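Novice: this is the structure alone, sequence omitted:
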């Protein structure tokens, strides 16, 4: 019954006109961002965060807006997968496998509707899962001391790194670079480090500067490299009808895929790409060739979409309860929370219930808004795909600059952002994932703090880090998470460049 | 191959520089058992191990851009730095129109389209930020041009 009370709190926040409008705007923007090829949810959420601040929104409203964008982007990612064979974001990669063949067979409209419904099922069930699981996990998290948190951060880095790259050394390097950057500035004890007398660095590197640089600015360089090869829509959609038969036939697929996706999302660091991948692969093996996965099967469209949207919801569980993001985009959302002075973690559920439950309630609402937007209005979003990169990319760049400038008003930060853009481009060229860097910058200070507090408690005995069953379990999981992909890689041909 | 090795070597140097800089961190009078130096050293040590691994066992070479593409990216970096420096003294409209126009031209070499994109984005974004998002700090043109 506690759940109902909490939900009542949530809906009392979420059902205000203001919040509803923000949710609708967020869903709309998010779907566009998700649909535009190359501009995934991490990018989109990253460049919108500074703008949220210029709006002067309170914490709950800002969170509602940005998570609506996040959910919207997950829905939208499928549109360019199906119509252009280009995933709008990494998790939508699996949707191209059956979505594009369906579109070529003249069933683009059907594919869009089926995937829209599957996205709804996945996201809706995941939100319910979040509602049930997050408070439980928050209760467990109360048992966490500094030693456990240290091991948890390690787990996040190792699983995120393990999934994000094909080369463990490169993934680890990326995490360490982030941690190293996090050390710049003033430490917990008030000692200045690595500032070299530069006043701009005393407060440390603003992670939004790093995020917008590594994601959005680097993306501009990528488009410049490929000369902005324009992608034209090769398939036509005539009228959009609801293919009831196919939807009913893929009912179980959607449910199973949602379950798989949710679990993948909850694992710290693994995220939506893994969710859609596992959902697709498991449905393909259950199907055993009956409905032709890979040649335009409706089930092949439903599975990855339910999977990735469920994972998107699942990824919010560790982010809200432990402060450890489950994917690249949730890392960006964590940055948003920290900037709003909200520290995620178990205390968030007791201290700021209106934030958590307001968020959950608005996610429930956002799902219905998205279903309504993505089924009847899908043609509008299709039209947006025809915006040429020569207008889109300068726009993204200018919004990034003004966003950061409005946030900090500092030319130094703009230059730093450009430097991060170049770094992000070079790293991605070398197949070094950039998401762990963000995670490192976000969590570095907390991780060091956890270590130092643990050592204060134990008077410098390192064995203290392994002194509780929870801590030992987390250490084992961290080692497995780092090592396992090396062996699994031989058996799984996984999509390239998983960054979320 | 080469890319990984060069980057690995650069990272080894960066890690050494980082450690060197970490030795100059001042320790407070009543330090905790770990202190402010230990974690940075651990991180730099880790970077060095990973970087050495990249040098010893590099991946297959990725596809590097041709010189023309590197040139476009270099121009873009130059434009961005210029934009960052001029945004305060020249106001929003003019630097934005030029920067957006140049990037647009590099993506699609049509002078007309680039000019229209530059001007359109500059004015459109100004209206959006200044009036819809109420960003008061945004100056359209330098203050002394409009006599205020």
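Specialist: Here it is on my side, so go on. Please read these numbers as outputs of a predicted model, since none were measured by experiment. Numbering: from 1, shown residues only, chains lettered A, B, ... in the order given.

Novice: low-confidence ranges, chain A, go.
Specialist: Per-residue confidence of chain A (counting by pLDDT under 70) places the weak regions at A:1, A:37-38, A:88-90, A:162-164, A:227-238, A:269-271, A:488-500.

Novice: could you do chain B as well?
Specialist: In chain B, residues with pLDDT under 70: B:1, B:147-148.

Novice: buried stuff in the lengthiest helix in chain B?
Specialist: For chain B, the helix that runs over the most residues, judged by DSSP state H, is helix B:67-90. For helix B:67-90, a neighbour-count test (16 or more other Cβ atoms under 10 Å in any protein chain shown) marks B:69, B:72-73, B:76-77, B:79-80, B:83-84, B:86-88, B:90 as buried. Just so you know, the C-beta spots here come from the backbone N, C-alpha and C atoms, and that holds for glycine as well.

Novice: from these, which two are the most distant?
Specialist: By the measure Cβ to Cβ, B:69 and B:88 form the most distant pair in the buried residues of helix B:67-90, at 31.1 Å.

Novice: quick one: residue B:14 is in a helix?
Specialist: Yes - counting by DSSP: H, G, I helix; E, B strand; the rest coil, residue B:14 is part of a helix.

Novice: is it correct that it is in contact with residue B:43?
Specialist: No - when contacts are counted by Cβ atoms under 8 Å, residue B:14 is not listed as touching residue B:43 (11.3 Å).

Novice: count of neighbours near residue B:94?
Specialist: 16 (other Cβ atoms under 10 Å in any protein chain shown).

Novice: please name the residues that touch it.
Specialist: B:122, B:141 (Cβ atoms under 8 Å, 6 or more residues apart in numbering or on different chains).

Novice: can you list the buried residues of helix B:67-90 in JSON lines and add distance to chain A?
Specialist: Below are these laid out as JSON lines (distance: Cβ to the nearest Cβ, whole Å):
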{"residue": "B:69", "distance to chain A": "4"}
{"residue": "B:72", "distance to chain A": "5"}
{"residue": "B:73", "distance to chain A": "5"}
{"residue": "B:76", "distance to chain A": "6"}
{"residue": "B:77", "distance to chain A": "6"}
{"residue": "B:79", "distance to chain A": "9"}
{"residue": "B:80", "distance to chain A": "5"}
{"residue": "B:83", "distance to chain A": "7"}
{"residue": "B:84", "distance to chain A": "4"}
{"residue": "B:86", "distance to chain A": "10"}
{"residue": "B:87", "distance to chain A": "6"}
{"residue": "B:88", "distance to chain A": "6"}
{"residue": "B:90", "distance to chain A": "12"}
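
Novice: which member of those residues is positioned nearest residue B:107?
Specialist: Distance to residue B:107 across those (Cβ to Cβ) is lowest for residue B:72, with 8.8 Å.

Novice: looking at it, that closest one is touching residue A:222, isn't it?
Specialist: No - Residue B:72 lies out of contact with residue A:222 (Cβ under 8 Å); the separation is 11.2 Å.

Novice: tell me the phi and psi of the residue nearest to the spatial centre of chain A?
Specialist: Here the mean C-alpha position of chain A is nearest to the C-alpha of residue A:329 (Cα atoms, centre = their mean), at a distance of 2.5 Å. Residue A:329 has phi and psi values of phi -70, psi -40 when expressed as degrees, to the nearest 10.

Novice: rewinding a little: out of the buried residues of helix B:67-90, who's nearest residue B:25?
Specialist: residue B:84 (30.2 Å).

Novice: for the residue lying farthest from the centre of chain B, which three-state class applies?
Specialist: Distance from the centre of chain B peaks at residue B:30, with 38.7 Å (Cα atoms, centre = their mean). Following three-state DSSP, residue B:30 is assigned to coil.

Novice: show me the contacts for it.
Specialist: Residue B:30 neighbours (Cβ under 8 Å, 6+ apart): none.

Novice: so what's the most centrally placed residue in chain B up against?
Specialist: In chain B, the centroid-proximal residue (Cα atoms, centre = their mean) is residue B:77; its distance is 7.9 Å. Neighbour list for residue B:77: A:418, A:421, A:422 [criterion: Cβ under 8 Å, 6+ apart].

Novice: near chain B, from the residues you listed?
Specialist: Contacts with chain B are made by A:418, A:421, A:422 out of the contacts of residue B:77, judged by Cβ under 8 Å from any Cβ of the partner chain.

Novice: pretty sure the first one contacts residue A:217?
Specialist: Looking back up the chat, that one is residue A:418. Yes - if you go by Cβ under 8 Å, residue A:418 and residue A:217 touch, sitting 6.4 Å apart.

Novice: what's the longest helix in chain A?
Specialist: Chain A, longest helix under DSSP H: helix A:108-141.

Novice: list the buried residues for that helix?
Specialist: Using 16+ other Cβ under 10 Å as the test for burial, helix A:108-141 gives A:108-127, A:129-131, A:133-135, A:137-138, A:141.

Novice: helix or strand right after it?
Specialist: helix A:146-164 (DSSP states H and E).

Novice: for the helix or strand that comes right after that next one, what is the distance to the chain centroid?
Specialist: Reading on from helix A:146-164 to the C-terminus, the next helix or strand found by DSSP H and E is helix A:168-182. Here helix A:168-182 is found 19 Å from its chain centre; the criterion is Cα atoms, centre = their mean, to the nearest Å.

Novice: for residue A:411, list the residues it contacts.
Specialist: Neighbour list for residue A:411: B:84, B:85, B:87, B:88 [criterion: Cβ under 8 Å, 6+ apart].

Novice: ok, the residue nearest to the last one when sequence neighbours are not counted to residue A:218 distance?
Specialist: When you say that, I think you mean residue B:88. Nearest residue to residue B:88, sequence neighbours excluded (Cβ to Cβ, 6 or more residues apart in numbering or on different chains): residue A:411, at 6.4 Å. Distance of residue A:411 to residue A:218, computed by Cβ to Cβ, to the nearest Å: 20 Å.

Novice: residue A:48 now?
Specialist: With Cβ to Cβ as the criterion, residue A:48 and residue A:218 are 17 Å apart.

Novice: my read: residue A:80 touches residue A:36, true?
Specialist: Yes - counting by Cβ under 8 Å, residue A:80 touches residue A:36, with 7.1 Å between them.

Novice: these two - which one has more neighbours?
Specialist: Comparing residue A:80 with residue A:36 by other Cβ under 10 Å, the one with more neighbours is residue A:80, at 30 against 26.

Novice: fine, thanks again, bye for now.
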